[in-house]
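What would the 3D arrangement of this be:
(2 chains)
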Amino acid sequence: MKSLADRPVNPVVGIPVSHESAAGHVTGTALYTDDLIVRSSNVLHAWPVQAPHAHARILDLRTEPALKVPGVVRVLTASDVPGVNDAGIKHDEPLFPSEVMFYGHAVCWVLGESLEAARLGAEAVEVDYEPLPSIVTLEEAIEAESFQGNRPTVARGEPDKALEKARHRFSGEFQFSGQEHFYLETHASFAYLDEGGQVFVQCSTQHPSETQEIVAHVLNLANHDVTVQCLRMGGGFGGKEMQPHGWAAIAALGATLTGRPVRLRLNRTQDITMSGKRHPFHARWEAGFDDDGRLLALKATLTSDGGWSLDLSEPVLARALCHIDNAYYIPNIEVHGRIAKTNKTSQTAFRGFGGPQGMLVIEDLLGRCAPLLGLDPSELRRRNFYEPGQSTPYGQPVRHAERLQAIWRSLEDRSDIARRREEIASFNASHPHTKRALGMTPVKFGISFNLTAFNQAGALVHVYKDGSVLINHGGTEMGQGLHTKMRQVAATALGVPLSSVRLAPTRTDKVPNTSATAASSGADLNGGAIKNACEQISSRLAEVAARKLNIHPDDVRFDAGKVTGIGFHDASLTFAELARDAYFQRVSLWAAGYYRTEGLHWDSTRMQGEPFKYFSYGAAVSEVEVDRFTGAYRQLRTDIVHDVGDSLSPMIDVGQIEGGFVQGAGWLTLEDLRWDASDGPNRGRITTQSASTYKLPSFSEMPEEFNVHLFERATESGVVYGSKAVGEPPLMLAFSVREALRQAVAAFGPGDVAVELASPATPEAVFWAIERVSAPSSSAASSEDLVPSASGSVR
Amino acid sequence: MDGIKVTVNGKVRDCSGTNPSTRLLDWLRNEGLTGSKEGCAEGECGACAILVARPDGPDRSRWTSVNACLPPALAFDGQEIITAEGLGNVSDACTPEDLHPVQREMADRGGSQCGYCTPGFICSMAAEYYRPERSPAQEDRETGTAVVGEEHATDHECGPNGFDLHALSGNLCRCTGYRPIRDAAYALDVPAESDPLLDRQNRPAPAPGHTRVSGEAEFIRPQSLDEVHAALQENPDVKLVAGATDLGVEVNLRHSRPPLVLAIDRLEELRGLAFGADSIEIGAALTLSEVERALDGRVPLLGHLFPQFASRLIRNAATFGGNLSTGSPIGDSAPVFLALDARVVLSSADGEREVPLSEYYTGYRQSVRKPHEMLRAIRIPLPLAESTAFYKIAKRRFDDISSVSVAIALQLSAGVVRSVRIGLGGVAATPIRALATEEALVGQPWTSDTVAAAAAVMAGEGTPIDDMRASSLYRSAMLRQALLKFHAENAEELEVAR
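Below is the predicted model of the structure:
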């Protein structure tokens, strides 16, 4: 039996190839869910009635006026639901609510012959609301003790005692923003009854199986009555893991009630005002260090802003607690977590899934404390790295911890850091109004779903008589290149050229009971399943070939569409010939593959176990330049060394690293979600509900010089072809930008004070941080009134 | 009836029966051309970008990238459009050989991940690929090093092939982090001489159609300025539209459905650019890109403005006439024109009158323009002040909306401020002049002390508010800082000059 990590000679994995749909992307011919409607006829369009209150009881809802609007066909309300009126699996998010829980909550949906008719119909629907008191901010929720779900604790050692003994003790508070996914393709579903009478839903979803389950329970159907297909997504980033289900159910409900295809596509405003986002967090912490800057103890309480329902808030919080250590060994620790219930969108998965939030707390803490400990921040970080043999606070040994130091050294060399530190020092000495700085931060990120059951996958592989291969698997394509990698895995496992392998869109009637394509695990899980299916087929084919070549089946080799035996280079047959022979010998040419990650266990009550198959490591160093006058800054250069194991597809992996990094930098520096927290009539409304008010990174925010290097000789045993996951970990490399900004701010001041920096560190936030460090201490009292504080302080 | 015809990817399509509020994007998608996507519906993301053949002088045309999500489809009556589907020689089964050079570079270098923004990027990149002025850096034959022209030398935002990265400033990608897209852009060669799209630029752009559509809503393309004046006289509620970059947002996001739209973007009377002895006159319907090319740096303050004004996609459609008429306090051209002491020419059936821009605005999006008048041109008096700057305070350097904008035009004489004009955006209900600050500076020596005193005055100009873009405290601080920054930069320049 071959090990999962072993590669054959001439593997197709490891070769840099373009995205499998690249030609379709660049020619505009790759289809997305909403592109399908012009290929159908008789389509109805759905438009929501969104409540203008953060919290309110619905006293009455009158749909008759809408039905008088020309082109309106039907208004969907709670009374239309034949099954369970809920959009989730926890039954705390009614699909048609009787109580409005956030500003913009959809209370009913109008179906029209055109989008315009549906919109005008929605305007005509009359709703009587009784406004109720609302909780909008995290502070209000903490004050009111408005919490929901589990309140887990991760603990080890004796943090209280260790803090008492620590030579250096600091405490602080830090509140930071969430993030809007802003996938370029907004949520979209398209539902109809197919020729077999089943409900067919085309949906932009990361989790087709769960979309299927929820559509079925809303419609009171069995799962086998509903098929969900996802062609591809125009971005997901976690935002389509849990959120699409309700909208798919609305479309499916409309289709079953009218017998016509129903299209539901949120426009950007609807998407931002109705869909969940990355959780904002509040953190309160106390930390102790020894004289060398080694962390002795950490006590913290993390409060996430879950919004109006639980959604994925519990696992997000669990991951935050399991990542507050990031790359650092903390012998004594006690971290509590809780989830605020607020009248906001229900916050959800977003690339990193709580990991970024947990890690931001420790990185902010180290960045603030370094000057107080008299240490360079990157040296403080390095001193606290995990060493081989140590375990995480939740009891998982940190395998390959030595890679942290190795990656750090490699990064220092590649980025020429010693020379650049000198250059920066001399630049800063001669530029009173402009300062440059470097920030260098590590990443350690656990791979696997914390919930053990999700760590399984299936695949379906067909070899046709002509030797062509069609693969299906349970993962979805959102741009991350999963399908590209899966073709490479199949081509490698079957020994055929990449061009022989075609991939069919993800559908629940091909591979059932799949997990979400999430937690960076798409390639690990589905790759394992595809490889398993391919090996079933190739072992059968090996017997056919062995008979033909008169050799032992173990000696048959498949390589680039040729089938040979060891030492039999002249006698060979093509893969296509072999497939045909196998067919005539009545040997099955298809297989269902299956994979489950071994060795995982997790006790979510005690928050102990080994929830992760392995850790991904990486480090980044970023250089920024900050303008004293405005707080505006440029990202001059970023260097990254990242561990993806032995890459399945290097161009795809580099793309994930760069894209994750820039998205993380967006979260930390630019993207500024705002809710109206006033007592005015728009309380609870998102004020940044468009691309003109919510800014994502553009070309001007990419590092001007950007070097990414994949850590070498990094085979990960026990994972498909020795690779590692890549989707999420690089996002957190962006801490280097934030820490560089903090350092640059410090360069305007005396240097030995803790620099507080709000998150996101917008130009405005950076400006105020500079004002705080450069204000002469004598006038500090008077300037306090003028200079807003960051969202926390160090005492 | 002759119907409404639009040529898309070389094929004439019938656009008759299209509603005036139907945007080009929706019409294209309904025609089955679903490559162009809606990402934001307000001209911010560029997923809908397409190419249109626009005039480049009387004899030539230019492939111009614009957002399809903003303008009405009817505005393209008689025009020629290329979408991502039609750029290469692409049939249904796409092979790598079919790809256009822009498409090939993007595909080969990992320029697409989810692919949703990609068709728009392709079109923006193709426009820059065909830009007649784009020229590769010359290589020094002796040393083998690249000798770069001024535009190459300025920054990292221009490739060795002359590709201006600002061409892509109106396209957002959420997946790639942009590096491979930049690499693809910078790897592009010059177009082959046989390239049919290159050849198309050698012929005039299609003439504007004589579009008249009536029904519940009307869309008319008048043939003369008189016709516009008459329409305004008759019906002051008529919407005049050039690039529709503002109206498109109203239609898409606020569901405005104007009953009568007049498309004035191709009226020659509004498209002049004249250099007189004592003023420069800019026609109201020239796009910002056209003005930028025609001025070619002759008004340095406008030169500072252009790269910071929205994005290339917007500048290819938007006009100064529109930006000043809309009168948003955060529109970026008004502060600049205030600093330039510009005057606007208002025209109507009664004739013309000239109003200083500083006296034009009367309230939030309100002005002295009478309902039957239109803004025909902007006049910039000459000579220009010697030292100018434009500071746009925003979260993002490319394609953002100002929290605060500050335009300064300063004339020193022997180290003393002879005249200074400062235009401000984002700190009041209208764009304003920083009159108290100007007063504090005029006649004073241009020193740190006087500037610091004036900066303190400047911080008190206007009545800035708190909103999602910035706090009022920051806005006020930025007024002060802008003047300090201007002084610091000018002091540095003096040092260099010595």
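
Now stretch B:368-378: average pLDDT?
The pLDDT scores in stretch B:368-378 average 97.

Tell me the buried residues in that stretch?
Buried residues in stretch B:368-378, counted by 16 or more other C-beta atoms under 10 Å in any protein chain shown: B:369, B:372-378. No exception for glycine: its C-beta is placed from N, CA and C like everyone else's.

ditto for stretch A:679-690
Applying 16+ other C-beta under 10 Å to stretch A:679-690 flags A:683-690 as buried.

quick one: low-confidence ranges for the stretch 601-750 of chain A?
The model of the stretch 601-750 of chain A has no residue with pLDDT under 70.

now the farthest one out in chain A, which residue is it?
A:Asn550 (51.1 Å; C-alpha atoms, centre = their mean).

Tell me the spacing between that one and A:Lys562.
Note on A:Asn550: its distance to A:Lys562, by C-beta to C-beta, to the nearest Å, is 17 Å.

Restrict the buried residues of stretch A:679-690 to those that also contact chain B, please.
A:687-688, A:690 (C-beta under 8 Å from any C-beta of the partner chain).

Take the residues you listed and lay them out in a markdown table including distance to A:Ala744.
A markdown table is the format used below for these (distance: C-beta to C-beta, whole Å):
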| residue | distance to A:Ala744 |
| --- | --- |
| A:Thr687 | 29 |
| A:Thr688 | 26 |
| A:Ser690 | 31 |
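
show me what contacts B:Ser224?
B:267, B:269 (C-beta atoms under 8 Å, 6 or more residues apart in numbering or on different chains).

Quick check: it vs chain A, distance?
Counting by C-beta to the nearest C-beta, to the nearest Å, the gap from B:Ser224 to chain A is 33 Å.

so what's the backbone phi/psi at that residue?
phi -150, psi 160 (degrees, to the nearest 10).

Of the buried residues of stretch B:368-378, which belong to strands?
B:374-378 (DSSP state E).

can you redo these as TSV with distance to chain A?
Formatted as TSV, these follow (distance: C-beta to the nearest C-beta, whole Å):
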residue	distance to chain A
B:Met374	26
B:Leu375	24
B:Arg376	29
B:Ala377	28
B:Ile378	25
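
Quick one: end-to-end length of stretch A:340-347, please.
11 Å (C-alpha to C-alpha, to the nearest Å).

An error on my part: the question was meant for stretch A:709-717.
So stretch A:709-717: terminal residues 21 Å apart, C-alpha to C-alpha.

mind checking the SS state of A:His336?
strand (DSSP: H, G, I helix; E, B strand; the rest coil).

near chain B, anything from the lengthiest helix in chain A?
Determined from DSSP state H, the single longest helix within chain A is helix A:522-549. No: contact of helix A:522-549 with chain B is not found when judged by C-beta under 8 Å from any C-beta; the minimum separation is 13.6 Å.

nearest spatial neighbour of residue 349, skipping sequence neighbours?
Here I'm looking at chain A. A:Gly238 (3.3 Å; C-beta to C-beta, 6 or more residues apart in numbering or on different chains).

ah, I was thinking of chain B
Counting by C-beta to C-beta, 6+ apart, B:Ala349 lies nearest to B:His229, which is 4.2 Å off, once chain neighbours are set aside.

Pull the contacting residues for that neighbour.
When contacts are counted by C-beta under 8 Å, 6+ apart, B:His229 touches B:347-349, B:372, B:374.

nearest to B:Pro335, of those residues?
If you rank these by distance to B:Pro335 using C-beta to C-beta, B:Met374 comes first, at 22.4 Å.

Pairing partners for the closest one in the sheet, please.
B:Ser347 (DSSP bridges).

Could I get the contacting residues of it?
B:Met374 neighbours (C-beta under 8 Å, 6+ apart): B:228-229, B:232, B:240, B:264, B:284, B:325, B:346-348.

could you point out where the chain is predicted with low confidence?
Picked chain A for this. Residue ranges of chain A with pLDDT under 70: A:1-2, A:568-569, A:776-795.

Correction: the question concerned chain B.
In chain B (pLDDT under 70), the answer is B:1-2, B:89-97, B:138-155, B:492-498.

Quick check: phi and psi on the residue positioned nearest the centre of it?
Taking C-alpha atoms, centre = their mean, the centroid of chain B lies closest to B:Arg315, which sits 1.9 Å from it. The phi and psi torsions at B:Arg315 (degrees, to the nearest 10) take the values phi -60, psi -20.

my guess is it meets B:Arg293, correct?
No: between B:Arg315 and B:Arg293 there is no contact under C-beta atoms under 8 Å: 10.5 Å.

can you tell if stretch A:746-758 touches chain B?
No: interface with chain B: stretch A:746-758 contributes nothing (C-beta under 8 Å from any C-beta), its closest point being 11.5 Å away.

What distance separates the opening and closing residues of that stretch?
Across stretch A:746-758, the terminal residues are separated by 14 Å (C-alpha to C-alpha).

quick one: contacts of it?
Taking C-beta under 8 Å, 6+ apart as the rule, stretch A:746-758 contacts A:176, A:364, A:367-369, A:371-372, A:374, A:428, A:435-437, A:626, A:628, A:738, A:741-743, A:745, A:765-766, A:768-770, A:772-774, A:789-794.

Within reach of chain B, which of these are there?
A:Trp768.

out of the contacts of stretch A:746-758, which are inside helices?
Reading helices off those with DSSP H, I get A:364, A:367-369, A:371-372, A:428, A:738, A:741-743, A:745, A:765-766, A:768-770, A:772-774.
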